[in-house]
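S.K.: Need coordinates for the following:
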Amino acid sequence: MQFSEIIGQDETKQLLLRAVQTNHLAHALLFDGPEGSANLALALALAQYVNCEDRQAGDSCGRCASCIKTQKLVHPDLHMVFPVANLAKGKTSEAYLADWRSFLLESAYRTLPNWLESVNADNKQGNISAEEARNILQKLSLKAYEGAYKIMLIWLPELMNTSSANALLKVLEEPPAQTLFLLVTNQPDKLLITILSRTQRVAIRAFTDDEVATYLRQHLNFDETTARRLAYLADGNLAEALSRSKQDTASVEQHNWFAEWMRTCYRQDLIELVKQADQFDGFSKEKQKGLLEYSIRLYRDLFLWQQGAAELLRLPDTEMAFVKNFAKILTVNHIERIVNDLNESAYHLERNARAKMIMLDMSLTFSRLIKTKL
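M.R.: Next comes the predicted model:
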């Protein structure tokens, strides 16, 4: 990928270009940006630029052998590590490289649920295992084959387990010569403080609505009205905009499920709540997490609506109608208690507590809470 292919982010591009051109490029960079930002795209563009055989002032040439191999993600000096699920193929990125290349070549603006769904991870969670750490050390012990740098790109290092994180820390403390680490994160607060201290942070902002709309027009040939509507709903998350542009029904399904859940809690229909808990238990782990995240997000929107900050909301008509109606029966105290329970449930779900019990406990709590004056 070339820098010129990335919409906007001009200040960050210039920062990276100057660092290479003045030989002030840190050996480890942390591309810190929100989900759906340009953090992975910028890391790939930098990887291509540093090993380009005919660097231009503002970009890689895009034509030399090194650029062509990097664009196809087959350059022998570009090593990539990413979360995998514990499936039959194996526990390391090496086993999924072909899938990863296909996934990434489709778009550099992807999310973890997108990736796990593409490899049929079902109920598995993605992580970077201890076996991966040994592979990292082995790959970096070799000399560069063709390029000026050996590049180790790690996507979502926050999903490393303790063993792999400590192994990465060790190699960051004593990096091999001409080795460049590119860590791409959405949640830097989940990384070891010692890893953060040994990387140079590159802050990546979310896309603006104009940038998202421009991308949709240029790459997907959307008309101006559609592009702007999708950009507004995506709120700077290009991955979300791309999902919506493919008429992905996931967000509609999430809202329908959530709205029915809340209505059932309000009716205190215990038989139906048990059925919903059974249904929730049958979903994949990522879908379960997605539903809880969606619930938290919509309660945040409900709170903003109650506080008179409607201009901050970016919701489709059906979700906006739900927020307006449900806001009539809830107080700020209700919302605070419900959001706390949702966050606690997400915490337990991450630690493999039984999903059915989590959902049923929440449902019974919410049924009582909604009818209580707070």
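
S.K.: from here on, contacts and neighbour counts on C-alpha atoms
M.R.: Will do.

S.K.: Now do the helices in the stretch 1-150 of the chain.
M.R.: Counting by DSSP state H, counting those that start in this stretch, the stretch 1-150 of the chain has these helices, from start to end: 10-21, 39-50, 65-71, 97-106, 112-118, 130-140.

S.K.: who touches the fifth one?
M.R.: In other words, helix 112-118. With C-alpha atoms under 8 Å, 6 or more residues apart in numbering as the contact definition, helix 112-118 has outside contacts at Val84, Ala85, Asp99, Phe103, Asp122, Gln125, Gly126, Glu286.

S.K.: try 7 Å
M.R.: Around helix 112-118, the neighbours that count as contacts under C-alpha atoms under 7 Å, 6 or more residues apart in numbering are Glu286.

S.K.: Equivalent analysis for the third one, please.
M.R.: With C-alpha under 7 Å, 6+ apart as the test, helix 65-71 has contacts from Met1, Gln48, Asn51, Cys52, Glu53, Gly62, His75.

S.K.: Looking at the helices of the stretch 1-150 of the chain, which is nearest to Glu319?
M.R.: Glu319 lies closest, by C-alpha to C-alpha, to one member of the helices of the stretch 1-150 of the chain: helix 112-118, at 22.3 Å.

S.K.: isn't Ala231 right next to Phe207, touching?
M.R.: No. Between Ala231 and Phe207 there is no contact under C-alpha atoms under 7 Å: 9.4 Å.

S.K.: neighbour count winner among those two?
M.R.: Ala231 (29 against 22; other C-alpha atoms under 10 Å).

S.K.: before we move on, which element is that one in?
M.R.: Under the criterion of DSSP states H and E, Ala231 resides in helix 224-234.

S.K.: what kind of secondary structure is Ile154 in?
M.R.: Judged by DSSP: H, G, I helix; E, B strand; the rest coil, the three-state class of Ile154 is strand.

S.K.: quick one: contacts for it?
M.R.: Met80, Val81, Phe82, Leu182, Leu183, Val184.

S.K.: can you rerun that using 10 Å?
M.R.: The contact partners of Ile154, taken as C-alpha atoms under 10 Å, 6 or more residues apart in numbering, are 30, 40, 43, 79-83, 128, 136, 160, 181-185.

S.K.: For it, give the beta-bridge partners.
M.R.: Following DSSP bridges, Ile154 is listed with bridge partners Val81, Leu183.

S.K.: And it, how far from Glu132?
M.R.: Distance from Ile154 to Glu132, counting by C-alpha to C-alpha, to the nearest Å: 11 Å.

S.K.: so what sits against both of those two?
M.R.: Any residue near both Ile154 and Glu132 by C-alpha under 10 Å, 6+ apart counts here, and that gives Val81, Phe82, Pro83, Met160.

S.K.: how much space between the third one and Lys170?
M.R.: Put plainly, it is Pro83. Distance, Pro83 to Lys170, by C-alpha to C-alpha: 20 Å.

S.K.: neighbour count winner among the two?
M.R.: Set Pro83 next to Lys170 and count neighbours by other C-alpha under 10 Å: Pro83 wins out with 25 against 14.

S.K.: give me every residue that touches the more buried one.
M.R.: Residues in contact with Pro83, defined by C-alpha under 10 Å, 6+ apart, are 91-93, 96, 112, 115-116, 125-129, 132, 154-160.

S.K.: which among these end up buried?
M.R.: When neighbours are counted using 16 or more other C-alpha atoms under 10 Å, those contain these buried positions: 91-93, 96, 112, 115-116, 125-129, 132, 154-160.

S.K.: if we can go back for a sec, pick the one among the shared contacts of Ile154 and Glu132 closest to Val212.
M.R.: The shortest distance between Val212 and any of the shared contacts of Ile154 and Glu132, using C-alpha to C-alpha, involves Phe82 and amounts to 25.5 Å.

S.K.: Just list the residues touching the residue nearest to that closest one when sequence neighbours are not counted, thanks.
M.R.: Of all residues not flanking Phe82 in the chain, Trp155 sits nearest, at 4.9 Å (C-alpha to C-alpha, 6 or more residues apart in numbering). Residues touching Trp155, when contacts are defined by C-alpha under 10 Å, 6+ apart, comprise 31, 39-40, 43, 80-83, 112, 128, 182-186.

S.K.: Let me know the closest of these to Ala277.
M.R.: The shortest approach to Ala277 among the contacts of Trp155 belongs to Leu112, at 24.8 Å (C-alpha to C-alpha).

S.K.: gap between Ser345 and Asp210?
M.R.: As judged by C-alpha to C-alpha, Ser345 and Asp210 stand 36 Å apart.

S.K.: Who has more neighbours out of those two?
M.R.: Looking at Ser345 and Asp210 with other C-alpha under 10 Å, you find the greater number of neighbours at Ser345, namely 21 against 16.

S.K.: what kind of secondary structure is that one in?
M.R.: Following three-state DSSP, Ser345 is assigned to helix.

S.K.: give the contact list for it.
M.R.: Each residue near Ser345 by C-alpha under 10 Å, 6+ apart is listed here: Lys289, Leu292, Val339, Arg351, Ala353, Ala355, Met357, Ile358, Met359, Asp361, Met362.

S.K.: If we use 8 Å, what do you get?
M.R.: Contacts of Ser345 were listed using C-alpha under 8 Å, 6+ apart, and they are Ile358, Met362.
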